[in-house]
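Asker: need a structure here:
(2 chains)
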Amino acid sequence: DGGITQSPKYLFRKEGQNVTLSCEQNLNHDAMYWYRQDPGQGLRLIYYSQIVNDFQKGDIAEGYSVSREKKESFPLTVTSAQKNPTAFYLCASSASVVGAGANVLTFGAGSRLTVL
Amino acid sequence: QKEVEQNSGPLSVPEGAIASLNCTYSDRVSQSFFWYRQYSGKSPELIMSIYSNGDKEDGRFTAQLNKASQYVSLLIRDSQPSDSATYLCAFKAAGNKLTFGGGTRVLVKP
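Answerer: Numbering: from 1, shown residues only, chains lettered A, B, ... in the order given. Down below sits the predicted model:
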């Protein structure tokens, strides 16, 4: 079955540590996204990528970094510079960033990060 | 002013009634609007998209768009307990990025 796999589902880290969240898709989608969701809040865009080896900052990119070395993979690193990293992180993909293919996002199951 | 405004709820409706959710947005250029449903602890799933003024019906769901007044709404007819979830409004903003509202929590009581 095609879909998006995020891992780990739950992650606990100490303050000051970098953590990397994995996102893999087998949908052959060009575009991939990372969103952050805080309790009772909507989704806020961290980074997105339209094509391999290219990515753009979203609305809250500070303290995060990404890479897109393969079409299927878009890992997110939460660095120690991120002031309040505890949140639910959602990876998504779409067939493209522009046009009709950009209108439907497929989401992974999410990764819940808690910083102790 | 937030780009997308939704009443956080909870919106409590009895089973079988109509649930009415509203969303206002600030970007006059937006052409594409979406409703996502998110169950607690799960990821969002797209339930409706609407691109032109008027109503769009899909099963028990009806989306209504009024670009002049900059609002989009979602009606859920014959509400079921399984409809209890948070409903996120989203629109396609500049740069083709989706901008989400904070969501409205709906509780359908048997």
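Asker: hey, let's count contacts and neighbours off CA atoms from now on
Answerer: Fine.
Asker: now the strands for chain B?
Answerer: B:4-6, B:11-14, B:19-25, B:33-38, B:45-50, B:54-58, B:61-66, B:71-76, B:85-92, B:98-100, B:104-109 (DSSP state E).
Asker: what's the answer for chain A, then?
Answerer: Ranges of strands within chain A are A:4-7, A:10-13, A:19-25, A:31-37, A:43-51, A:54-57, A:64-66, A:76-78, A:87-94, A:106-107, A:111-115, based on DSSP E.
Asker: where in chain B is the helix or strand with the lowest mean pLDDT?
Answerer: Lowest on mean pLDDT, DSSP states H and E among the helices and strands of chain B sits strand B:98-100, with a mean of 86.
Asker: and that strand, what does it pack against?
Answerer: Secondary-structure packing of strand B:98-100 (3 or more CA pairs under 8 Å, 6 or more residues apart in numbering or on different chains; DSSP states H and E): strand A:43-51, strand B:85-92.
Asker: now do 7 Å
Answerer: Contact partners of strand B:98-100 among helices and strands, from 3 or more CA pairs under 7 Å, 6 or more residues apart in numbering or on different chains; DSSP states H and E: strand B:85-92.
Asker: neighbouring strands - and their directions - for the strand it packs on?
Answerer: strand B:33-38 (antiparallel), strand B:98-100 (antiparallel), strand B:104-109 (antiparallel) (DSSP bridges).
Asker: of these, which shows the lowest average pLDDT?
Answerer: Lowest mean pLDDT of the strands paired with strand B:85-92: strand B:98-100, a mean of 86.
Asker: identify each buried residue in that one, please.
Answerer: The neighbour-count check on strand B:98-100 (16 or more other CA atoms under 10 Å in any protein chain shown) flags B:Leu98, B:Thr99, B:Phe100 as buried.
Asker: wait, what's in contact with the last one?
Answerer: Each residue near B:Phe100 by CA atoms under 7 Å, 6 or more residues apart in numbering or on different chains is listed here: A:Gly42, A:Leu43, B:Val4, B:Leu88, B:Cys89, B:Ala90, B:Phe91.
Asker: is it true that the fourth one touches B:Thr99?
Answerer: Looking back up the chat, that one is B:Leu88. No - with contact defined as CA atoms under 7 Å, B:Leu88 does not reach B:Thr99; the gap is 10.1 Å.
Asker: start to end distance for stretch A:12-29?
Answerer: Start-to-end span of stretch A:12-29 (CA to CA, to the nearest Å) is 30 Å.
Asker: revised request: answer the last question for stretch A:69-79.
Answerer: Start-to-end span of stretch A:69-79 (CA to CA) is 19 Å.
Asker: now stretch B:8-26
Answerer: The first residue of stretch B:8-26 is 18 Å away from its last residue (CA to CA).
Asker: ok, stretch A:108-116 next?
Answerer: End to end - CA to CA - stretch A:108-116 spans 25 Å.
Asker: buried residues, it. List them.
Answerer: A:Gly108, A:Ala109, A:Gly110, A:Ser111, A:Arg112, A:Leu113, A:Thr114.
Asker: columns distance to B:Ser43 on top of the strands of chain A, output as a markdown table?
Answerer: Below are the strands of chain A laid out as a markdown table (distance: least, CA to CA, whole Å):
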| stretch | distance to B:Ser43 |
| --- | --- |
| strand A:4-7 | 11 |
| strand A:10-13 | 14 |
| strand A:19-25 | 14 |
| strand A:31-37 | 10 |
| strand A:43-51 | 11 |
| strand A:54-57 | 22 |
| strand A:64-66 | 21 |
| strand A:76-78 | 17 |
| strand A:87-94 | 7 |
| strand A:106-107 | 6 |
| strand A:111-115 | 10 |
